[in-house]
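Novice: this one's sequence-less:
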């Protein structure tokens, strides 16, 4: 039991480290880091100002405004989790679309081939969720890639690695929040492809780092994160305010 | 302790509670005969076993069954990498990667054994293996698996891609147990990372794969990139391009090909399909 706890805290430390690394890769300023850190206080601290918003009306309109900032509410239950996945896939697809339209200098044919495939996979995921959700979907989220240098291989691949590892941890943590077995299977079909992406990107950066100890712990388990944890990290790349307080927590 | 109150509390979340005990009258009768017969201190324990019969057994028994199925596959993988590393078949440049993979598979074996024990189940014993796929003859279609690196990589890729599909096929059977489902998903994505890397090794070793094969970390259609037709059942079904009734090809006007659509989603295999696939490797 003592060992288990120790391992768990080790895992948390590792996640904290990899999060720092994530922010480094993104080339974020110290002030952006403070903003990201302040978002970790918890949903109540974070969204005090939004308590007057009616989630239903926000959702039915696919979004809203909060002091000039676009707002989406993911909603509740399985639909909330699907919207959560839809938001993350929007982020990933937008990133790779930009990567392919403005490739970094000296990109190899093989890198172009892999990154183009990954872009198409993320678009397929995004559009799949869009269609499954129908009129219950959130609107398009607005991304903020100002911290990414798309002309730099290190910045692009570092961000890609962070996004893919984050995506894997997000699906791993969301599975248990899903009620419907068919939705759980969709998540399962996608998460292993995200894991393949993560391994491919990691091998591009440092061959052999596909499943290193920053993502796989001593029990052979990959990272798992709750939606608030994931959204706090993704927040650095998303302008839209994403309300998640109606999501299931168990 | 008011047992009737407890039952009524349960009824709020599970309206079918009485049916599970053959009706309300029967349920109450069972409870009262229960409390009449045993000392008060023993009631919580007895209650637990009573509920286990009505609720837990199917759920927990199914979860243990799934975990033992997973354990069998992890034994297979773990042993395959231990033997591979000691055989000398692995190229020096790839030894660290296979050490990592081997460490994970052995960790999965240990994790599954302790989880099965914690749930009150009995972990299955480690089978004997024939990695030539000869069912014990040790001279099957992959007779040179520990002397020919190309064969070794092909079998490794098949095991990893099959492992991903096997865990995926069991996710719904673990939906009743959040902790176990989460752990299984965390193993599942590690297998996905392994599969991607083994495919990348094969991509970088053109001489070790059939002519014209250009592997990628993801699975295109139902292509194995492996010469032996024996592995085809591990890839059949991966060519699926519709998901939940949604056609992914050309979805919403985007240029998504059948290849892209099949790559973007990995497909599950049933337990029966997986056991058929691994049968030649298990004596």
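Specialist: Now that the structure is in, tell me what you want to look at. Since the model is a prediction, treat every value here as computed from it, not as a measurement. Residues are numbered from 1 along each chain as shown, chains lettered A, B, ... in the order given.

Novice: name the residue of the stretch 1-150 of chain B that lies nearest to chain A.
Specialist: In the stretch 1-150 of chain B, no residue comes nearer to chain A than residue B:107, which is 3.3 Å away by C-beta to the nearest C-beta. All C-beta spots, glycine's among them, are computed from the backbone N, C-alpha and C.

Novice: where do the helices sit along chain A?
Specialist: Along chain A, the segments classed as helices by DSSP state H run A:2-25, A:30-38, A:43-46, A:55-60, A:77-101, A:109-133, A:153-174, A:181-205, A:227-234.

Novice: ah, wrong one, I meant the stretch 1-150 of chain B
Specialist: Applying DSSP state H, counting those that start in this stretch to the stretch 1-150 of chain B gives helices spanning B:3-13, B:17-20, B:24-37, B:43-51, B:57-87, B:95-118, B:149-170.

Novice: how about stretch A:124-133 and chain B, touching?
Specialist: Yes: residues of stretch A:124-133 are located near chain B by C-beta under 8 Å from any C-beta of the partner chain, namely A:124-125, A:127-128, A:130-132.

Novice: okay, and the helix or strand of chain A with the least pLDDT?
Specialist: Lowest by mean pLDDT, DSSP states H and E among the helices and strands of chain A is helix A:43-46, with a mean of 31.

Novice: hmm, back to that, of all the helices of chain A, which lies closest to residue B:103?
Specialist: Closest to residue B:103 of the helices of chain A, according to C-beta to C-beta: helix A:2-25, at 14.8 Å.

Novice: does stretch A:206-215 reach chain B?
Specialist: Yes: if you take C-beta under 8 Å from any C-beta as the test, stretch A:206-215 does meet chain B, through A:208, A:210-212, A:215.

Novice: pull out the buried residues from these.
Specialist: Buried members of the residues of stretch A:206-215 next to chain B, scored by 16 or more other C-beta atoms under 10 Å in any protein chain shown, are A:208, A:210-211, A:215.

Novice: between those, which is nearest residue A:148?
Specialist: Scanning these for proximity to residue A:148, where the rule is C-beta to C-beta, the winner is residue A:215, at 21.0 Å.

Novice: distance of the closest one from residue A:111?
Specialist: 21 Å (C-beta to C-beta, to the nearest Å).

Novice: with residue A:81 instead?
Specialist: With C-beta to C-beta as the criterion, residue A:81 and residue A:111 are 33 Å apart.

Novice: tell me which of those two has more neighbours.
Specialist: residue A:81 (25 against 19; other C-beta atoms under 10 Å in any protein chain shown).

Novice: what lies in contact with stretch B:267-283?
Specialist: The contact list for stretch B:267-283 (C-beta atoms under 8 Å, 6 or more residues apart in numbering or on different chains) reads A:185, A:188-189, B:69, B:72-73, B:76, B:127-131, B:133-136, B:140, B:162, B:165-166, B:168-171, B:230, B:233-234, B:237-238, B:240.

Novice: low-confidence ranges, the chain, go.
Specialist: Chain wasn't specified; assuming chain A. Counting by pLDDT under 70, chain A shows low-confidence ranges at A:1-63.

Novice: could you do chain B instead?
Specialist: B:1-58.

Novice: let's see 90
Specialist: Applying pLDDT under 90 to chain B flags the ranges B:1-59, B:207.

Novice: any idea which residue sits dead centre in it?
Specialist: Centroid-nearest residue in chain B, with C-alpha atoms, centre = their mean: residue B:167, separated by 2.7 Å.

Novice: separation between that residue and residue B:252?
Specialist: From residue B:167 to residue B:252 the distance is 30 Å (C-beta to C-beta).

Novice: go on, residue A:157?
Specialist: Counting by C-beta to C-beta, the gap from residue A:157 to residue B:252 is 29 Å.

Novice: ok, the residue nearest to the centre of chain B - contacts?
Specialist: Taking C-beta under 8 Å, 6+ apart as the test, what residue B:167 contacts is A:188, B:70, B:184-185, B:187-188, B:191.

Novice: could you do residue B:180 as well?
Specialist: Contact analysis of residue B:180 by C-beta under 8 Å, 6+ apart lists B:63, B:67, B:115, B:119, B:174.

Novice: and which of those is nearest to residue A:136?
Specialist: residue B:174 (26.6 Å).

Novice: so what does the closest one have for phi and psi?
Specialist: phi -110, psi 10 (degrees, to the nearest 10).

Novice: surely it and residue B:63 touch.
Specialist: Yes: the criterion here is C-beta atoms under 8 Å, and residue B:174 meets it with residue B:63 at 6.0 Å.

Novice: gap between the longest strand seen in chain A and the chain center?
Specialist: Criterion DSSP state E: the longest strand present in chain A is strand A:69-73. The chain centre lies 17 Å from the centre of strand A:69-73; the measure is C-alpha atoms, centre = their mean, to the nearest Å.

Novice: so what secondary structure elements neighbour it?
Specialist: helix A:55-60, strand A:64-66, strand A:241-243 (3 or more C-beta pairs under 8 Å, 6 or more residues apart in numbering or on different chains; DSSP states H and E).

Novice: how much space separates the residue of the stretch 1-150 of chain B closest to chain A from residue A:139?
Specialist: Per C-beta to C-beta, residue B:107 is found 43 Å from residue A:139.
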